[in-house]
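> Have a look; sequence and predicted model below, questions after that.
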Amino acid sequence: MTVAKIKNMEDFAAVSGISRPTLSKYFNDPNSVRATTKLRIEAALKQHDYRPNVYAINQNRRQTRTIGLVVPNLTDPFFAGIARTLEGLILRAGFTPVLLSSHDGPDQELDNLESLRAIKPAGVLLAPLGRASDLAGVAAFAQDCPTVLFDSNLDGIGE
């Protein structure tokens, strides 16, 4: 006999006997539910080997617990070191990092920003390409999403 694979939170709620709203509350903040409920959910997660789709959970939110990190080139030891440090800080702050490289190209830089826009990050840390950046494109992104620039300044764009 095979057990049906749990595909979504509704399936998990049904097999675990825990309400969908309670599960949603737990996945938003595990400490927001009672300790006994938290233990029940964690036992059910382990028993059923279920991992929620964070992108599906975040679909209806204005922003997520994701921080985008975009650097010009990850093969450059300078940016690799910065990325490693920032990624650790993002994780310690309780966020999920999404690390992208622009491969030293302005089109890829904009593609990265558009990919991030789609997942509604809480913010983006961007090491822009500088003069090579598409200033209008980066500015438009920074208007929609909290953006902190580092390593290079683009006048009037981001923080």
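Noted; the coordinates are in hand.

> helices or strands up against the helix or strand hosting residue 97?
In this assignment (DSSP states H and E), residue 97 forms part of strand 96-101. Strand 96-101 is packed against strand 66-71, helix 77-92, helix 106-118, with contacts defined by 3 or more CB pairs under 8 Å, 6 or more residues apart in numbering; DSSP states H and E. The way it works is simple: take the backbone N, C-alpha and C, and place the C-beta from them, glycine included.

> mind redoing it with 6 Å?
Other helices and strands packing on strand 96-101, by 3 or more CB pairs under 6 Å, 6 or more residues apart in numbering; DSSP states H and E, are strand 66-71, helix 77-92.

> Let's verify the residue lying closest to residue 51 once chain neighbours are set aside: helix, strand, or coil?
Nearest non-adjacent residue to residue 51, counting by CB to CB, 6 or more residues apart in numbering: residue 45, 7.7 Å away. Recorded secondary structure, residue 45: helix (DSSP: H, G, I helix; E, B strand; the rest coil).

> and the residue nearest to the spatial centre of the chain, how far is that from residue 12?
Centroid check for the chain by CA atoms, centre = their mean gives residue 66 as the closest residue, at 2.5 Å. Going from residue 66 to residue 12 by CB to CB, to the nearest Å gives 22 Å.
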